[in-house]
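**Q** for reference, the sequence and a predicted model appear below.
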Amino acid sequence: MKKQKNKTRMVSEYEQYSEIDELHATKWKKLDLMVPANFRLLCAILDVKVEDVLHDFMWMLSYSSLKEATPRQRTAARKFFLLCGYGKANYSEKQVSKMFKELESIRRLCDTIDGMEAKDMELFWKNQHMYLQYWFKRWFKKNSRPDELTVLQKY
């Protein structure tokens, strides 16, 4: 009888964070919006698509990887969002500002990865995915929100 060798397979305990899970990932979302006539007309005059304006605003506001966005544009988007009072029912303006500052910090880290080796890059993205999931859960439950985390699927 031939003796079998025990094969040991090393699995990273953080393997699940190699790719961000579906719940926390960037998604395509089909929207059916009523676009005000004045906005449509202005976009037509300026030769800019409504979709481009909304796309740029979302990416600037979230401090996501829109390379052309300047710090001034991102600050203006954040100020607009705060002035509209979005999220006031659950969070103070100070808390919402802190959320934006944290997203800005994550963005700054992403700007430092140029020239990073592949192995380090993989670790960086795992860490980023882990942190974004943690960040969402922490803020979502901050004020004892009764909803389940799966409410994220609606957004």
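**A** Done, it's in. The model shown is predicted, which means the values in this text are computed figures rather than measured ones.
**Q** helices or strands up against the strand or helix carrying F124?
**A** Using DSSP states H and E, F124 sits in helix 118-140. Where contact means 3 or more Cβ pairs under 8 Å, 6 or more residues apart in numbering; DSSP states H and E, helix 118-140 is packed against helix 93-110. Every C-beta, even on glycine, is put in place using the N, C-alpha and C of the backbone.
**Q** need the residues that contact the helix it packs on.
**A** 62-65, 74, 78, 81-82, 86-87, 91, 128, 131-132, 135, 139, 142 (Cβ atoms under 8 Å, 6 or more residues apart in numbering).
**Q** quick one: that helix to helix 118-140, angle?
**A** 170 degrees (axes from the mean of the first three to the mean of the last three Cα atoms, to 10 degrees).
**Q** which positions within helix 93-110 qualify as buried?
**A** V96, M99, F100, L103, R107 (16 or more other Cβ atoms under 10 Å).
**Q** how about stretch 52-61?
**A** By 16+ other Cβ under 10 Å, the buried positions in stretch 52-61 come out as D56, F57, W59, M60, L61.
**Q** can you give me the offset of the helix holding F124 from its chain's centre?
**A** 11 Å (Cα atoms, centre = their mean, to the nearest Å).
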